[in-house]
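Peer 1: pasting the structure only:
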């Protein structure tokens with residue numbers, strides 16, 4: 001088959017494409033970004049396949065009727081009717097297969113799993129009535145009073161004996177508002193109001209524990225494995241619908257572009273990584289941010305067709 005003729009369903013079922021979407025294989029990423037650069041007209045199909053994989057990942061513990069309805073609504077908007085009919089048949093089969101595979105785990109664990117895709121936020125209501133706002137590329141699971149976060153989430157409302165788990169830290173919560181960031185063995189907790197206790201767990205088991213007061217921010221890295229208080233600056237700006245940077249190192253700006261928006265960042269020179277940048281943009285318009293960085297640093301940034309940002 002001519003590779004240009006891949007259907008959306010064939011993209012989704014291709015192991016290499018799935019590895020690229022999950023950012024789990026550098027070789028696969030290079031191959032598919034090269035393919036997309038050669039066939040830019042297929043960008044819409046690739047975006048649709050990414051959306052489908054994101055929805056199916058949300059439902060890896062079993063697809064509910066509400067989830068399938070939401071999936072159908074998304075594809076109504078993303079696909080034309082003729083292609084949609086064929087894809088729905090595949091989607092229903094895939095969701096049924098996921099349900100069969102996950103049944104044993106589902107009844108043993110019964111966690112609810114929710115995932116946000118690239119450049120996507122979502123508000124979730126927990127069983128106790130409290131709210132969680134998920135940032136882009138974030139997975140949240142909950143069961144009873146226990147919540148697991150990989151990515152970034154903002155918790156608000158009256159929490160009742162809630163415990164939030166990450167791979168290196170637990171956060172014990174009682175009636176509070178706070179933000180938690182957990183990516184690549186780097187965890188940050190910002191307490192806005194109320195009271196929490198953070199304690200080491202998993203790879204951070206020996207990091208100790210800290211009672212936090214409003215306005216404090218705690219960081220834990222796998223390298224140091226020691227909790228430290230840091231300046232929160234504009235850490236929480238994303239929940240208001242904007243990215244705001246104040247005297248922020250460019251490498252941190254680049255990390256957000258990679259983690260939340262799916263860019264692949266390349267540094268031809270490391271000279272710019274610690275240069276400081278101040279600016280802001282709406283969450284859904286990174287073009288403004290990239291244009292501002294390009295202007296400040298004299299065109300030492302370029303955006304390639306394959307979603308790659310190059311710092312000269």
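Peer 2: Structure's in. What do you need? Note that the structure is predicted; figures quoted are calculated from it, not measured.

Peer 1: Can you point out the helix or strand that includes the closest residue to residue 302 other than its chain neighbours?
Peer 2: In this structure, residue 302 finds its nearest non-sequential neighbour in residue 310, 5.0 Å apart by C-beta to C-beta, 6 or more residues apart in numbering. The C-beta positions use only the backbone N, C-alpha and C, and glycine is treated the same way. Element membership for residue 310 (DSSP states H and E) is strand 308-311.

Peer 1: Sheet-wise, list the partners of that strand with their directions.
Peer 2: Here strand 308-311 is paired, per DSSP bridges, with strand 264-267 (parallel), strand 301-303 (antiparallel).

Peer 1: what's the distance between residue 127 and residue 173?
Peer 2: 14 Å (C-beta to C-beta, to the nearest Å).

Peer 1: The two - which one has more neighbours?
Peer 2: When residue 127 and residue 173 are compared for neighbours, residue 173 comes out ahead with 25 against 11, by other C-beta atoms under 10 Å.

Peer 1: Paired strands for the helix or strand hosting the more buried one, with orientation please.
Peer 2: Per DSSP H and E: residue 173 is located in strand 169-183. Sheet pairing of strand 169-183 (DSSP bridges) gives strand 146-156 (antiparallel), strand 162-165 (antiparallel), strand 186-200 (antiparallel).

Peer 1: which residues touch stretch 195-211?
Peer 2: 165-176, 178, 185, 187, 189, 212-213, 218, 220, 222, 225-227 (C-beta atoms under 8 Å, 6 or more residues apart in numbering).

Peer 1: so where is the stretch 1-150 of the chain shaky, pLDDT-wise?
Peer 2: 1-5, 23-24, 51-52, 54-109 (pLDDT under 70).

Peer 1: show me where it has strands.
Peer 2: 112-115, 122-125, 131-134, 139-143, 146-156 (DSSP state E, counting those that start in this stretch).

Peer 1: Can you check which of those strands gets nearest to residue 304?
Peer 2: Nearest to residue 304 among the strands of the stretch 1-150 of the chain is strand 146-156; the distance by C-beta to C-beta comes to 25.6 Å.

Peer 1: between that closest one and strand 139-143, how big is the angle?
Peer 2: With axes from the mean of the first three to the mean of the last three C-alpha atoms, to 10 degrees applied, the angle from strand 146-156 to strand 139-143 works out at 120 degrees.

Peer 1: I'd say residue 244 and residue 253 touch.
Peer 2: No: Residue 244 is beyond contact range of residue 253, at 11.0 Å (criterion: C-beta atoms under 8 Å).

Peer 1: Can you convert the strands of the stretch 1-150 of the chain into TSV and add a column each for distance to residue 301?
Peer 2: TSV is the format used below for those (distance: least, C-beta to C-beta, whole Å):
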stretch	distance to residue 301
strand 112-115	30
strand 122-125	30
strand 131-134	29
strand 139-143	30
strand 146-156	24
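
Peer 1: Quick check: which of these is buried the most?
Peer 2: Mean neighbour count (mean count of other C-beta atoms under 10 Å) peaks for strand 146-156 among the strands of the stretch 1-150 of the chain, with a mean of 21.

Peer 1: Can you give the contact residues for that strand?
Peer 2: By C-beta under 8 Å, 6+ apart, strand 146-156 touches 111, 116, 126, 130-142, 162-167, 173, 176-183, 236, 238-239, 259.

Peer 1: same question, stretch 219-235
Peer 2: Counting by C-beta under 8 Å, 6+ apart, 168-169, 179, 181, 185-188, 190, 198, 200, 203-204, 206-208, 210, 215-218, 244-246, 248 sit against stretch 219-235.

Peer 1: From these, list just the buried residues.
Peer 2: With burial judged by 16 or more other C-beta atoms under 10 Å, the buried subset of those is 168-169, 179, 181, 185, 187-188, 190, 198, 200, 203-204, 207, 210, 216-218, 244-245, 248.

Peer 1: List the beta-bridge partners for the residue nearest to residue 302.
Peer 2: Under the criterion used (DSSP bridges), residue 310 bridges to residue 266, residue 302.

Peer 1: what's the distance between it and residue 278?
Peer 2: Where residue 278 is concerned, residue 310 sits at a distance of 22 Å (C-beta to C-beta).

Peer 1: excluding its backbone neighbours, what's nearest residue 239?
Peer 2: Excluding the flanking residues, the one nearest residue 239 by C-beta to C-beta, 6+ apart is residue 154, at 4.7 Å.
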